[in-house]
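**Q** Okay, sequence plus prediction incoming.
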Amino acid sequence: MPVHNAISPEKLSRLIALPGSGAIMDVREPLQLTDAIPGSRFPAQPDPLSWGFDRRTPVVVVDTDGTGAAVSTAAVLRSDGYVAEVLDGGFKAWLAAGLPTVLLTHLPPRHGDGRTWWVTRARPKVDRIAFPWLIRRFVDPDARFLFVAPAEVLAVAAREHTEPFEVTDDGVFWSHREERCTFDLMVKAFGLVEHEPLVRLATIIRGADTDRLDLAPEAAGLLAISLGLSRNHADDHEQLDAGMAIYDALYRWARDARGERHNWASHQPSRATALA
């Protein structure tokens, strides 16, 4: 019998990485967490009423098979006015459907606030906006990003126990590799190489970030928008917020709209309709 107030893996997969789509709470035992549904959160507190979500935020609760802790957790949330569903069949059903997962092997340790912390050079352009976008949409929705002067990145990383990225140093994992940019590395390291929209997006980002505008027709446009954003925002975090919307749109295009064409007459009524 289907679980009451359940969402199917296929329906949930259409919500992955979309802004405002709600929270995915993975309540499996920590020892099981080698991979997860993209965009999942892992509650530090077992009491769901302490999670602190706005009651307007839809919540999907995930356990191993959809019949364990997720059922009671979603019921408690609904009793307090939340819109909460269980993933039908749990994580096992997600895997059985062949849907994308995120490998957690390379995820840095979480801070006391439950978030991963990252640090990079100030005044971000292409890869240093794309990197946070992928982390927040697919890996850790609550990730914290620090922007500092280039010479201070490694010192801040050591002092704050923060993961550095996009800086040239033999000890930094998250950086360019030959002709590939950091976004390429992320897609591979987090096990997302089979997720076609991200692969398409990675090519555009690589073209814009490495002066290879020939790699994709969209690369020149992304570079232009990125440089414009940098000049419109003096504050790096405001620029990141604005950039998130750009990458949200690019991802949705790469997933759902690549075949759509547009010209000045695309949405005009037919002549017969116009004269009616």
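**A** All right, it came through fine. Quick caveat: nothing in here was measured; it's all calculated off a predicted structure.

**Q** which regions of the stretch 101-250 of the chain lie under the pLDDT threshold?
**A** Residue ranges of the stretch 101-250 of the chain with pLDDT under 70: none are present.

**Q** give me every residue that touches the spatially most central residue of the chain.
**A** Nearest residue to the geometric centre of the chain (Cα atoms, centre = their mean): R137, 1.4 Å. By Cβ atoms under 8 Å, 6 or more residues apart in numbering, the residues touching R137 are 16-17, 38-39, 247-248, 251. The way it works is simple: take the backbone N, C-alpha and C, and place the C-beta from them, glycine included.

**Q** same thing but 10 Å
**A** Contact analysis of R137 by Cβ atoms under 10 Å, 6 or more residues apart in numbering lists 16-19, 21, 38-39, 198, 244, 247-248, 251.

**Q** cool, and A122?
**A** When contacts are counted by Cβ under 10 Å, 6+ apart, A122 is found next to 128, 146-150, 152-153, 236.

**Q** hmm, back to that, sort out for me which of the contacts of R137 are in helices.
**A** Using DSSP state H, the subset of these located in helices is 198, 244, 247-248, 251.

**Q** what would these look like in CSV with distance to S226 and neighbour count?
**A** As requested, the ones in helices among the contacts of R137 are exported to CSV (distance: Cβ to Cβ, whole Å; neighbours: other Cβ atoms under 10 Å):
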residue, distance to S226, neighbour count
L198, 18, 24
M244, 13, 16
Y247, 10, 20
D248, 15, 16
Y251, 15, 22
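
**Q** which one of those sits closest to D142?
**A** Minimum distance to D142 across those is 13.6 Å, recorded for M244 (Cβ to Cβ).

**Q** Now name the helix or strand holding the residue nearest to the closest one when sequence neighbours are not counted.
**A** Among residues not flanking M244 along the chain, W133 sits closest, at 5.6 Å (Cβ to Cβ, 6 or more residues apart in numbering). Using DSSP states H and E, W133 falls within helix 127-134.

**Q** Alpha carbons of that helix, in PDB - could you do that?
**A** Provided in PDB are the C-alpha atoms of helix 127-134 (Å, rounded to 0.1, in the frame of the first residue of the first chain):
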ATOM      1  CA  ASP A 127      34.000  29.600 -12.000                       C
ATOM      2  CA  ARG A 128      33.900  31.300  -8.600                       C
ATOM      3  CA  ILE A 129      30.100  31.800  -9.000                       C
ATOM      4  CA  ALA A 130      29.400  28.500 -10.700                       C
ATOM      5  CA  PHE A 131      31.200  26.600  -7.900                       C
ATOM      6  CA  PRO A 132      28.900  28.000  -5.100                       C
ATOM      7  CA  TRP A 133      25.900  27.500  -7.300                       C
ATOM      8  CA  LEU A 134      26.600  23.800  -7.800                       C
END
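
**Q** so what does the next helix or strand after that helix touch, helix or strand wise?
**A** Scanning forward in sequence from helix 127-134 by DSSP H and E, the next helix or strand is strand 144-148. Contact partners of strand 144-148 among helices and strands, from 3 or more Cβ pairs under 10 Å, 6 or more residues apart in numbering; DSSP states H and E: strand 117-121, helix 127-134, helix 153-160, strand 163-164, helix 236-252.
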